[in-house]
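**Student:** after the sequence you'll find the predicted model.
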Amino acid sequence: MSDEVRIVEAGAEDSQQVLTLLKQLDKETETFTVEDDLANLTVDTEAKQLELIQQSRENLILLAMYQDEAIGLATVMKSETDEFGEVGVAVLSEFWGQGLGTALMEETLTWGESFSWLSGLVLTVQARNLSAEHIYKKLGFEEIDRNKKGFRDKNGASFETIDMKLTFS
């Protein structure tokens, strides 16, 4: 890649980029779960959500930008049951294997440890997504549970999932 990829915090002005990226990710991959009501989200609604998230110390959306286009994202949403944030990471398939998922996770961890009020991060990864599982373990996440039928794809097939956790020191 001759141009640099930048990782930026998503703001209200990025609402169209976020929606476009989420719709593309929903078509491309089943390893990242997108909201069921994605088709009903408007740019204005998304802009308001991004503005609230940007003001939060418990929620985050980062974008990986290449040539002014969003090509990946990382999200953190505070759990309703404890002081941990749930992480989601996805990169467009065209850009897989170039370290963007790792870079997004590293930025997320930096934010979590130095800026957030969270106690740590949790995530769920499909057991068949070996590269993602490897990245999470390398970054310090530990397996806490497995669910043999934790994910169901669009065709109804079930896949094993792994719940992982990283506690901030």
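**Tutor:** Arrived safely. Numbers count the residues shown, from 1 in each chain.
**Student:** quick one: the closest residue to Ala74 other than its chain neighbours from Arg152, how far?
**Tutor:** What sits nearest to Ala74 in space, not counting adjacent residues and going by C-beta to C-beta, 6 or more residues apart in numbering, is Leu104, at 4.0 Å. Quick note: C-beta positions are derived from backbone N, CA and C, even for glycine. Distance of Leu104 to Arg152, given as C-beta to C-beta, to the nearest Å: 26 Å.
**Student:** more neighbours, those two?
**Tutor:** More crowded of Leu104 and Arg152, by other C-beta atoms under 10 Å: Leu104, with 25 against 11.
**Student:** isn't the residue nearest to Ala74 up against Ala64?
**Tutor:** Yes. The pair Leu104 / Ala64 is scored as a contact, 6.0 Å apart, by C-beta atoms under 8 Å.
**Student:** if I look at these two, which residues touch both of them?
**Tutor:** Residues within reach of Leu104 and of Ala64 at once, by C-beta atoms under 8 Å, 6 or more residues apart in numbering, are Ile7, Gly72, Leu73, Val91.
**Student:** which of the residues you listed sits closest to Ser56?
**Tutor:** Closest to Ser56 out of the shared contacts of Leu104 and Ala64 is Leu73 (16.1 Å), distances taken as C-beta to C-beta.
**Student:** quick one: strands adjacent to the strand or helix carrying that closest one?
**Tutor:** Assessed by DSSP states H and E, Leu73 sits inside strand 69-78. Applying DSSP bridges, strand 69-78 is found paired with strand 60-66 (antiparallel), strand 84-91 (antiparallel).
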